[in-house]
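[1] Sequence first, then the predicted structure:
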Amino acid sequence: MASKEHFQPLVRAIATSDSQSWNYWRIDHHNLTPDLTGVDLREVSLCFANLSKANLSGANLNRTNLYHADLRNANLSGANLRSTNLCEADLSGANLRWADLTEADLRNADLSDADLRRADLSRADLTGANLRGTNLSTALLDVEALKRPRNWFGAGVNRIEKAALRLVKRKEVRGSRPQP
């Protein structure tokens, strides 16, 4: 359950469409780790919001605008991030285990050292995302996304992703490429 003390300043920032007031609150309360467990923040705008180290586990962030948000080391395990705008967001070191990122826009996001085990990345746009050190070992990924080298090469591809790419290429060579 989210802490009212932590949730109220965020609600005020959303009501006034001013994420900077939340960021100032974070500066004033730098020693607190915001507990926003299970909050419903669907379809709100939190562009440039500082949510670093926040506990957003189980939160509903469906269609939320988190453009350029700071989510470093945030706990987003089990969060609903379907169709969420995470363009240029900093998710480095974030816990995204079991998160639903279906159709999320992660273009140019920093996912370095993030934990995406069991996350659903179906139809997510990872164009230009930094995946160095990211744990994608049991994440649900689209085969089509794996075929786009600009999303993966040069971004810290680990052995599992390389094996998946080899498998996709092998199937294409054998002519078993799915028909559109």
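    Nice, I can see it.
[2] just checking, Asp142 touches Asp120?
    No - between Asp142 and Asp120 there is no contact under C-beta atoms under 8 Å: 10.2 Å. C-beta here means a position set from N, CA and C on the backbone, and glycine is covered the same way.
[3] More neighbours: these two, which one.
    Counted by other C-beta atoms under 10 Å, Asp142 and Asp120 do not tie: Asp120 has more neighbours, with 19 against 14.
[4] Tell me the buried residues in stretch 11-31?
    Within stretch 11-31, the residues scored as buried using 16 or more other C-beta atoms under 10 Å are Ala13, Ile14, Ser19, Ser21, Trp22, Asn23, Trp25, Arg26.
[5] Below-threshold pLDDT in this structure: ranges please.
    The chain contains residues with pLDDT under 70 at 1-3, 143-180.
[6] Which parts of it are helices?
    4-15, 19-28, 143-147, 149-152, 159-173 (DSSP state H).
[7] got the angle between the second one and helix 4-15?
    If I follow you right, that is helix 19-28. Interaxial angle of helix 19-28 relative to helix 4-15 (axes from the mean of the first three to the mean of the last three C-alpha atoms, to 10 degrees): 150 degrees.
[8] And helix 19-28, what does it pack against?
    Contacts defined by 3 or more C-beta pairs under 8 Å, 6 or more residues apart in numbering; DSSP states H and E place helix 19-28 against helix 4-15.
[9] Need the contact partners of the helix it packs on.
    With contacts defined as C-beta atoms under 8 Å, 6 or more residues apart in numbering, helix 4-15 is touched by 19-22, 25, 32, 34-36, 39, 41, 44-46, 49.
[10] With just CA atoms, put it into PDB.
    Listed next in PDB are the C-alpha coordinates belonging to helix 4-15 (Å, rounded to 0.1, in the frame of the first residue of the first chain):
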ATOM      1  CA  LYS A   4      -0.200   8.900   1.700                       C
ATOM      2  CA  GLU A   5       2.700  11.100   2.700                       C
ATOM      3  CA  HIS A   6       4.500  10.200  -0.500                       C
ATOM      4  CA  PHE A   7       1.500  10.000  -2.800                       C
ATOM      5  CA  GLN A   8      -0.100  13.300  -2.000                       C
ATOM      6  CA  PRO A   9       2.700  15.500  -3.400                       C
ATOM      7  CA  LEU A  10       2.600  13.500  -6.600                       C
ATOM      8  CA  VAL A  11      -1.100  13.900  -6.900                       C
ATOM      9  CA  ARG A  12      -0.700  17.700  -6.500                       C
ATOM     10  CA  ALA A  13       1.900  17.700  -9.200                       C
ATOM     11  CA  ILE A  14      -0.400  15.700 -11.500                       C
ATOM     12  CA  ALA A  15      -3.300  18.000 -10.800                       C
END
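[11] where's Ala124 relative to Leu32, distance?
    Ala124 sits at a distance of 31 Å from Leu32 (criterion: C-beta to C-beta, to the nearest Å).
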